[in-house]
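*Asks:* Next come a sequence and a model predicted from it.
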Amino acid sequence: MKTNKETLVNALYFIVQNYNANKKIISQVVEDLSNKGIAIGEVQRILNGNIAFETITDPKLYLLTKSLYIATEEEKINPNHFFTPEEIKSGDNFSFNIEENSSDVLELDGVLQVDDDHFCTTLTYKQIADLYAKGLVCYNYETQRQAKHFMKEDKLIQKPELNTTSVIEIEELMLNKLYVADAITFNFKSDYEYLDKSYRMKIFKPSFDITDGFHRSSSIIDVVQKDPSIDKKMVIYFTTFDDIKSRRMIGQKNKRNPINKRYEKSIDQNNKANIIVQKINESPNCELRGKITTSLTVLNNNYAYVLNDTLSESIENFFVIKTQRDLDKINNYLIDGFNEIVGIYFNEFANLEQSKTNNYITYNSMFIFYTAVLRHLYEVKNWKKELEIILQKIDFNKPNSIWNDLDIESNTVGKVKLRKINEYAKSLTKGVEINV
């Protein structure tokens with residue numbers, strides 16, 4: 001390629017996310033690529049963001065770039081900027097065999113069963129690359145490392161977190177046959193059949209999430225393109241975990257490319273407050289659904305209301321969660337509570353940038369205060385009415401020495417800050433009658 005592949009990949013993420021609601025363009029690209037022999041289902045997964053561009057082979061990446069360029073006329077992805085004349089000529093003459101490029105059944109030999117939901121085997125680099133070439137491996141943001149976010153033309157773009165330096169280092173070791181084989185994990189939810197006597201496994205209509213090994217997979221794809229004859233193998237774990245168990249496994253895998261500490265903490269399934277935050281963020285009945293993030297970029301560009309650790313640490317410090325019953329009860333209460341708060345200040349939460357210019361209502365750290373107030377109203381009979389009365393008496397406007405003293409503008413969360421905000425919330429709820 002003429003330029004760094006990452007430059008093209010970032011541009012493609014922008015184009016796809018910018019045009020994914022344009023049915024005319026999407027249909028045109030799907031038809032064009034399917035005519036080249038790429039399975040329709042694979043094209044749709046690529047355009048839906050389920051297949052990482054980093055794992056697409058060069059010929060297919062060229063065809064995708066060209067098709068999107070023709071459909072959108074976006075000069076930023078003009079193939080001539082990225083591909084050499086030889087690559088363009090090769091790509092234009094390239095076509096995929098749909099039969100070879102798809103698979104209804106994946107048959108594996110030499111498979112050992114580690115546990116009820118956990119299997120182990122070995123695959124060659126080429127076999128691993130083939131899984132990606134057939135579009136069978138997806139990138140699931142729900143069970144992978146924290147996504148990387150960046151702003152482009154006033155639009156927030158999401159992409160997999162990939163350390164390109166690490167990928168190149170691994171690739172060089174693999175090409176020189178110096179890489180010590182370790183394990184890659186693919187998770188799937190398809191039907192399967194395992195024959196323990198013959199150690200054979202069949203996976204029907206396979207579709208995998210790459211749970212662990214995204215960097216190594218990216219390296220392997222490049223290695224196989226450069227040296228198709230390479231015969232090295234990797235250990236492969238095939239798992240049938242649910243999302244919670246997959247997140248738990250990711251929390252254990254934090255060595256070569258450490259996980260963002262804020263994200264690592266957010267997927268800790270042993271922390272009951274974390275579980276509540278996840279439930280709130282995924283609840284179709286909560287105004288905070290999808291508005292809790294681990295990314296400062298997402299928060300600072302007003303695509304979310306609050307950081308995961310801000311809410312989690314507030315809940316953990318202010319509420320006592322001993323049993324599953326406590327967890328469920330507090331979760332339901334906080335969903336109702338945050339719905340009330342967002343409802344009372346609907347205009348503010350609908351216009352975050354303007355709100356933060358004039359007042360503190362929608363600041364990240366204000367959710368420490370909101371959680372503290374809700375805690376002190378937890379056993380109050382008419383808590384919704386009392387909540388509204390309390391909030392209406394408060395001056396949230398800037399400037400305000402009270403909120404400055406409570407460090408509301410900062411995103412940091414510490415014991416002193418939590419204690420001071422909790423004491424202030426307690427003073428505002430003093431005298432409210434508890435429903436005994």
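*Replies:* Now that the structure is in, tell me what you want to look at.
*Asks:* Am I right that Asp209 is in a strand?
*Replies:* Yes. Under DSSP: H, G, I helix; E, B strand; the rest coil, Asp209 falls within a strand.
*Asks:* Quick one: neighbours of it, just the number.
*Replies:* By the criterion of other Cβ atoms under 10 Å, Asp209 has 22 neighbours. The way it works is simple: take the backbone N, C-alpha and C, and place the C-beta from them, glycine included.
*Asks:* now do Ser355
*Replies:* 19.
*Asks:* helix/strand/coil for it?
*Replies:* State at Ser355, reduced to three classes by three-state DSSP: helix.
*Asks:* can you tell me which residues contact it?
*Replies:* Residues near Ser355 by Cβ atoms under 8 Å, 6 or more residues apart in numbering: 347-349, 361-362.
*Asks:* Now the buried members of those residues.
*Replies:* Listed as buried from these are 348-349, 361-362; burial here means 16 or more other Cβ atoms under 10 Å.
*Asks:* Spell out which helix or strand contains the residue nearest to Cys286 when sequence neighbours are not counted, please.
*Replies:* The shortest distance from Cys286 to any non-neighbouring residue, by Cβ to Cβ, 6 or more residues apart in numbering, is to Ile335 (4.5 Å). According to DSSP states H and E, Ile335 maps onto helix 324-344.
*Asks:* And the contacts of that helix?
*Replies:* Here helix 324-344 makes contact (Cβ under 8 Å, 6+ apart) with 272, 275-276, 279-280, 283, 285-288, 315, 319-321, 349, 370-371, 374, 377-378, 383-384, 387-388, 391.
*Asks:* Near Leu307, how many other residues are there?
*Replies:* Counted by other Cβ under 10 Å, the residues lying close to Leu307 total 24.
*Asks:* surely it meets Thr294?
*Replies:* Yes. Contact status for Leu307 versus Thr294: in contact at 6.8 Å, counting by Cβ atoms under 8 Å.
*Asks:* Can you tell me the SS state at Pro284?
*Replies:* Following three-state DSSP, the label given to Pro284 is coil.
*Asks:* how much space is there between it and Met249?
*Replies:* Distance from Pro284 to Met249, counting by Cβ to Cβ, to the nearest Å: 27 Å.
*Asks:* the more surrounded of these two?
*Replies:* Met249 (19 against 5).
*Asks:* any chance you could map the strands in the stretch 301-436 of the chain?
*Replies:* Listed from the start of the chain, the stretch 301-436 of the chain has strands (DSSP state E, counting those that start in this stretch) covering 306-307.
*Asks:* what about it, any weak spots by pLDDT?
*Replies:* Applying pLDDT under 70 to the stretch 301-436 of the chain picks out residues 433-436.
*Asks:* Phe94: which element?
*Replies:* Counting by DSSP H and E, Phe94 is part of no helix or strand.
*Asks:* Show the contacting residues for it.
*Replies:* Counted by Cβ under 8 Å, 6+ apart, Phe94 has contacts 36, 59, 62-63.
*Asks:* In contact with Thr403, which residues?
*Replies:* Heads up, residue 403 is Trp, not Thr. Applying Cβ under 8 Å, 6+ apart, we find Trp403 in contact with 360, 396, 409.
*Asks:* Hmm, I typed the wrong one, I wanted Lys356.
*Replies:* 302, 362-363.
*Asks:* Any chance of a markdown table for those residues, columns distance to Asn4?
*Replies:* A markdown table is the format used below for these (distance: Cβ to Cβ, whole Å):
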| residue | distance to Asn4 |
| --- | --- |
| Asn302 | 30 |
| Thr362 | 38 |
| Tyr363 | 38 |
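*Asks:* Looking at these, spot the one nearest Ser95.
*Replies:* Nearest to Ser95 among the contacts of Lys356, counting by Cβ to Cβ, is Asn302 at 44.8 Å.
*Asks:* Find the residue closest to the closest one in space, skipping its chain neighbours.
*Replies:* Spatially, and ignoring its direct neighbours in sequence, Asn302 is nearest to Leu352 (4.0 Å; Cβ to Cβ, 6+ apart).
*Asks:* Give me the neighbour count for the one you found.
*Replies:* By the criterion of other Cβ under 10 Å, Leu352 has 19 neighbours.
*Asks:* now do Met366
*Replies:* Per other Cβ under 10 Å, the neighbour tally for Met366 reads 23.
*Asks:* just checking, it touches Asn359?
*Replies:* No. Using Cβ under 8 Å, Met366 makes no contact with Asn359, being 9.5 Å away.
*Asks:* Give me the distance between the most centrally placed residue in the chain and Leu418.
*Replies:* For the chain, Tyr141 is the residue whose C-alpha lies nearest the centre (Cα atoms, centre = their mean; 2.9 Å). According to Cβ to Cβ, Tyr141 stands 30 Å off from Leu418.
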